[in-house]
Structure formats: structure tokens, C-alpha cells
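Asks: give the three-dimensional model of this entry:
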Amino acid sequence: MERKSKYSFGESIGKFIKYLKPYYVWLVLAIVFAIGGTVCSIIGPNKIGEMTNLIEQAVLAGTAIDLVAVGKIGILLVVLYSISVVLSYLQGLIMTEVVQRSTKKMRTDIYAKINRLPLKYYDSHTFGDTLSRVTNDVDTIGLSFNQATVMLISGITLIVGATIMMFITAWQLALVALVCVPIGFGLMALVLKFSQKYFTSQQAQIGEINGIVEETYSGHNVVTAFNAQAKMNGKFKATNSKLYKSQYKSQFLSGIMMPIMQFIGNLGYVAVCIVGGVLYLNGEIEIGAIVSFIIYIKIFTQPLATIAQSVSSMQSVAAASGRVFEFLEEKEMPTEQPKLNLANIKGDVKFENVEFGYIKNKMVIKGFTAHALPRQKIALVAPTGAGKTTLVNLLMKFYDIDGGDIKIDDVSIKDISRANAHQLFGMVLQDTWQFEGTIYENIAFNTPNVTKQDVEDVCKRVGLDHYIRTLPEGYDTLLDDTVSLSAGQKQLLTIARAMVHNAPLLILDEATSSVDTRTEIIIANAMDELSKGKTSFVIAHRLSTIKNADQIWVMEDGKVAESGTHEELLKLNGRYAELYNSQF
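Replies: So this is what the prediction gives:
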């Protein structure tokens, strides 16, 4: 679904200009250089007019041309145009530096923002759309703003300077030339009004296409297995068609701005030639003034077209920056005040009437109350959607509870920081995660002072060491597309990572759901090894893996319906017994 930007053209550009505040000094310097370079180029035609008048006067008088005076003007012109080129180059250099630094900062801010957003943001946005904001939108801003700003600064300066010089040279011709300008800018404003929505739609559709590609690529096996290629192709083609229409309309409308301004400029040029000829014949103007004015009218009309083009580029900047600032202004997780830092905990965990809902007034966890003693293995059992994973997310402070409390060693989870909560837990999830790096780097991920020997010892305990040693580089083998790990091996690797982390609390979320029975036994043994001396919470649909749990909490409707050991719950002949007997 296409998400419309909440910012208008002016609001988006305004926000981006404010974002450039650290570079205002450099921007002012670039503007000064642009004005200086333009002034030098604008003075040139006036001097050419003087040179023309000297030659005309000599020809009409039948005398020799004053080559010294003409030469001085020629040297002055060379100096002026050389200064203009140098200043224009410096302006472009500064603008490139400002734009690249600002887009670098923007990428850094976006990446930092990703880590500050609550999980519920990612529940409602595709990864592809978020990725598009980091890459495509920022690149669009960098490229388009650089081009647009250089053209806009030089264009406006040229117009202002040329206008002043035209009035100095021949005010009658200046009035003729300027009559057409309001018409051109009026038409440009009209086009801008209608085309901006298509630029905004274009950036949104690019984000949506990236989301579709990301989904199709990551789920390629599923798409192929269900013969859904045609359906996904149709979805892609439909979005691609919308993108085509948005791009076509935006480029068409913005593209006609330059021809409009060129037409207006040429119209003024023709009018100046006609009126200038009449004034010359009437003796009201010199030939040198006409020559100067013809050059000035060219200088004047050229930036009209470039300004139209720069406005088109600024529309792309506005659309892209609107999406970027929407992301940067998304509501973050609440800022935490200095809190307690738990360490060396026993592992006593209490849930006291916990309430939570992803949507306001729609509670998923309802009055959940339970107590896990230190070093106990707690199994969470429930049908899909009963709130098991939600409870784990609350333990990890991925979400803040709406009511009640969770206490670790009698300290409220509200009084410890998120970072501290994450340090207290080791996690092994159903979905394994590896990054491109060596096996050692994957297992020792973000755990300081871990030696290779530590990693090898852990891998021996989980039964992964033998396989790793069969690889060409052993623990230094780079995990990429060339190394094929089975689902079980990936799961053992994540267990080894959690074991190296050695946190006092442990969460095992459906860790054996995607493997065969034999591998399940291997992983279960590895999990038992991992759980030693820790308070652990195990989520499992396969009830055979949690028969040895110290406590089994059966969840129903967001609360504990039954609790006890495996034998106690079977004797109770309630919900757990029903679930267990359905599997065996």
C-alpha cells in the first residue's frame, strides 16, 4: 500500500534547509562565490559594448582604431572571465562537499534511528521500504540537491545581475524584456503545483517495489514451492506500472517547464531585437548598447530555463527528503533516565498481574501472574497466538508493559535499562541469524574478551566442533553463500553464541521447530547444556522437548491457565493433557 507523504513541497525543503544548519557558513561562502563569479561574467558584456562603441566611432570618423584602449578592455575581459571561472569552480567544490557531508550525516542518523525505533514500527513497515529510505532517497537528495542548488544560485544571481545591467544599459529595452517573465514564472508555478504529487508518489512506489523484491528474494523457496511466481510477478508488475505512471507524469510535467521558459525567453529576445532596432534608427540608442543588451538578454533567458530545471530537481529532493524526515521523526522508544544496573543476579523472575496489548484497549497479555525460581527451567505452552512470544518480548523490554510489573530478583524491570535487560538474557530463536564473517566471529558476536579456545570449548559441548573442523579454514571459515549450513547446524551455532554470552537468564523460542527428530535430540541436549545454572524460559510446540522442565505454564487467553510439572499436569487431565495426548 502506497504511503503518502505528510509534508508539502515547502515543508520538505524547509526541513532539509534546517538540517543543513551545521554547514550554513559554507553555504553562504558558496553563495558569495556564485555571486562574485556571476558579477564578473555580467560586467563582461558591458565592456564588450564599450569596445564596440570605440570601434564604431573610429569607423564612422574614418580614423585609426585605438588599439591600446581596445587591448586594455580585452585584457580586463580575460581577467573578469578567469575570475568568474575560478569562483564558479570553488562554488561547485564547496556545494559538493556540503551535500556529501550532509548525506553522510543523514545516513548515519537513519542508521542510528533504526536502533532506537520500537519493534512495533517494523511490524507495520516492510524492510524494503526502510532500506529504500536509507539508500535510494538519500542518494536522490544528494544528487538532485547538488545540481539544483548550483543551478539555482547561479541562475538567480544571473537574472538579478543581468536585470540591473539591462536597466543601466537601456531601460526601455529592459522593460520590454521583463514583460514576459511573470507569465513564464506563473506557468512554472502552475506546473509545479500539479507535478509535486507525482514526485512524492514516485519515491513511495520505489520504496514499495524494494519491499516486494526483498520479500520475494527472502522467501524465494516458498514462492517457488507454491508456484506463486505468476502471482508475485503480477504484484510486482502492478506496482511497477504505478511507478512508471508516476515517473512518466512527474518527468513530463517537469520537462515542459524548460521549454516554456525557453519560449518566454526567446519571445523577449525577439521583442528586444525589434524595439532595439527602432530605437537605434531613431538615434535614441548606440549600437554598442544594443550589442551589450543582446548579450544580456541571452544571459537573462538562459537561467530562466536552468531555474525551471533546478525546480524539477528540487521536487525530487522534496519528495525524497519528506520520506527521510518522516522516518527520522518516527516515535522512538522512550528515553531512559539513569537506572539500576543489575549484575550477578540469582535469576528469580516474578510476573505480577502483567497487562499488555499491541493496540490500545486490545490486550494480548491479561493479568499474567507467575513466579520462576532461580535456575528453574520454565516451559511456556499454548496454542499459536496465545501470547508466548509476546511475554518473552516483554521480558527483554522490546515492548513496555501497559500494566502490572515484572521483577528480576525483586527489582522492577521498569527500573533497569533496556541495555541491562538485554545483557541479562541469552536468546536462541526459531529464526537463526548469521552475518557475513568467520564462524568464530559469528559465535563470539559482541561478547568481549572471547578467545578462540573459548569458542572451541563451547562448540565441543554443543556437538558442533567436529563439523567445523571438516571445513577448509575451520573456525576461520567465512560464512557466506559458498558455505552451506543445515538448519540444525545453524541452530547449534546460535546456541553456541548464547553459551559464549553466558547470561544468567535464557530464552529458547521454538528452537527445535524446524529440524528433524534426530537433530532435535542433538539440539535438545545442547539446550540442556546451555541451560545449566540458568533460569530459562522455553517456548516449544513439541511437548516432548519440555517434559523435564521444572515448571510448565499453560497459557490461555493471555494468562496462566495451568502450571506444574509434566506429571502433575497429566494427572490434572486439563488443557495440557489435551495438548500432550493430541501429539502422542
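
Asks: any idea of the pLDDT on residue 304?
Replies: pLDDT, residue 304: 67.

Asks: I meant residue 406, not that one.
Replies: 91.

Asks: what about the residue lying closest to it once chain neighbours are set aside, neighbour count?
Replies: Spatial nearest neighbour of residue 406, excluding adjacent residues (CB to CB, 6 or more residues apart in numbering): residue 413 at 4.4 Å. For glycine as for every other residue, the C-beta is placed from the backbone atoms N, C-alpha and C. Other residues lying near residue 413 total 24 when counted by other CB atoms under 10 Å.

Asks: mind checking what secondary structure residue 345 has?
Replies: coil (DSSP: H, G, I helix; E, B strand; the rest coil).

Asks: nearest residue to it other than its sequence neighbours?
Replies: residue 409 (4.8 Å).

Asks: residue 421 is in contact with the residue nearest to residue 406, correct?
Replies: Yes - when contacts are counted by CB atoms under 8 Å, residue 413 is listed as touching residue 421 (6.5 Å).

Asks: shared neighbours, these two?
Replies: 395, 397 (CB atoms under 8 Å, 6 or more residues apart in numbering).

Asks: quick one: residues contacting the residue nearest to residue 406.
Replies: By CB under 8 Å, 6+ apart, the neighbours of residue 413 are 395, 397, 401, 405-407, 421.

Asks: tell me the contacts of the residue nearest to residue 345?
Replies: Contact analysis of residue 409 by CB under 8 Å, 6+ apart lists 342, 345-348.

Asks: do residue 273 as well
Replies: residue 294 are the contacts of residue 273 under CB under 8 Å, 6+ apart.

Asks: now it: phi and psi?
Replies: When read as degrees, to the nearest 10, the backbone of residue 273 gives phi -60, psi -40.

Asks: residue closest to the middle of this protein?
Replies: The residue lying closest to the centre of the chain (CA atoms, centre = their mean) is residue 134, at 2.5 Å.

Asks: excluding its backbone neighbours, what's nearest that residue?
Replies: Nearest non-adjacent residue to residue 134, counting by CB to CB, 6+ apart: residue 110, 5.1 Å away.

Asks: measure that neighbour to residue 117 for me?
Replies: Distance, residue 110 to residue 117, by CB to CB, to the nearest Å: 11 Å.

Asks: how about stretch 568-584: buried residues?
Replies: Of the residues in stretch 568-584, 569, 575-576, 579-580 count as buried by neighbour count, 16 or more other CB atoms under 10 Å.

Asks: helices or strands up against the host helix or strand of residue 172?
Replies: Using DSSP states H and E, residue 172 sits within helix 171-179. For helix 171-179, the helices and strands in contact under the criterion 3 or more CB pairs under 8 Å, 6 or more residues apart in numbering; DSSP states H and E are helix 138-169, helix 257-281, helix 287-328.

Asks: what inclination does it have with respect to helix 138-169?
Replies: When axes from the mean of the first three to the mean of the last three CA atoms, to 10 degrees is applied, the directions of helix 171-179 and helix 138-169 differ by 150 degrees.

Asks: so how far is whatever helix or strand comes next after helix 171-179 off the chain centroid?
Replies: If you walk from helix 171-179 toward the C-terminus, the next helix or strand you reach (DSSP H and E) is helix 181-218. Relative to its chain's centre, helix 181-218 lies at 17 Å (CA atoms, centre = their mean, to the nearest Å).

Asks: what is the burial count for the nearest residue in space to residue 174 that is not next to it in sequence?
Replies: Excluding the flanking residues, the one nearest residue 174 by CB to CB, 6+ apart is residue 166, at 3.9 Å. Close neighbours of residue 166, defined as other CB under 10 Å, add up to 25.

Asks: what of residue 173?
Replies: 26.

Asks: residues in contact with it?
Replies: 166, 272, 275-276, 279, 285, 293, 297.

Asks: among the contacts of residue 413, name the buried ones.
Replies: 395, 397, 401, 406-407, 421.

Asks: any chance of TSV for those residues, columns distance to residue 384?
Replies: Output for these, formatted as TSV (distance: CB to CB, whole Å):
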residue	distance to residue 384
395	19
397	24
401	22
406	23
407	28
421	26
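
Asks: farthest pair within those residues?
Replies: In terms of CB to CB, the buried ones among the contacts of residue 413 reach their longest pairwise distance at 397 and 407, which sit 13.2 Å apart.

Asks: from residue 495, how far out is the residue nearest to residue 134?
Replies: With distances taken as CB to CB, residue 110 is found 33 Å from residue 495.

Asks: the two - which one has more neighbours?
Replies: Of the pair residue 110 and residue 495, residue 495 is the one with more neighbours under other CB under 10 Å, namely 27 against 18.

Asks: run a quick neighbour tally on the closest residue to the more buried one other than its chain neighbours.
Replies: Nearest non-adjacent residue to residue 495, counting by CB to CB, 6+ apart: residue 526, 4.9 Å away. Counted with other CB under 10 Å, residues neighbouring residue 526 total 25.

Asks: any idea how far residue 552 is from residue 526?
Replies: Distance from residue 526 to residue 552, by CB to CB: 21 Å.

Asks: can you check residue 446 too?
Replies: 32 Å.

Asks: just the element for residue 553, please.
Replies: Element membership for residue 553 (DSSP H and E) is strand 551-556.

Asks: okay, now the sheet partners of that strand, with direction.
Replies: strand 377-381 (parallel), strand 559-564 (antiparallel) (DSSP bridges).

Asks: need the contact partners of the next helix or strand after the last one.
Replies: Heading C-terminal from strand 559-564, the first helix or strand you meet, by DSSP H and E, is helix 566-572. Applying CB under 8 Å, 6+ apart, the external contacts of helix 566-572 come out as 546-549, 552, 554, 562-564, 576-577, 580.

Asks: so what angle separates the directions of whatever helix or strand comes next after helix 566-572 and strand 551-556?
Replies: Downstream of helix 566-572, the first helix or strand assigned by DSSP H and E is helix 575-583. Angle between the axes of helix 575-583 and strand 551-556 is 90 degrees (criterion: the same axes, to 10 degrees).

Asks: can I get the CA coordinates of helix 575-583 in PDB?
Replies: Extracted in PDB, the C-alpha atoms of helix 575-583 (Å, rounded to 0.1, in the frame of the first residue of the first chain):
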ATOM      1  CA  ARG A 575      -5.600 -28.300  28.900                       C
ATOM      2  CA  TYR A 576      -2.000 -29.600  28.900                       C
ATOM      3  CA  ALA A 577      -3.100 -33.200  29.000                       C
ATOM      4  CA  GLU A 578      -5.300 -32.500  26.000                       C
ATOM      5  CA  LEU A 579      -2.400 -30.900  24.000                       C
ATOM      6  CA  TYR A 580       0.100 -33.600  25.000                       C
ATOM      7  CA  ASN A 581      -2.300 -36.500  24.100                       C
ATOM      8  CA  SER A 582      -3.000 -34.900  20.800                       C
ATOM      9  CA  GLN A 583       0.700 -35.200  19.900                       C
END
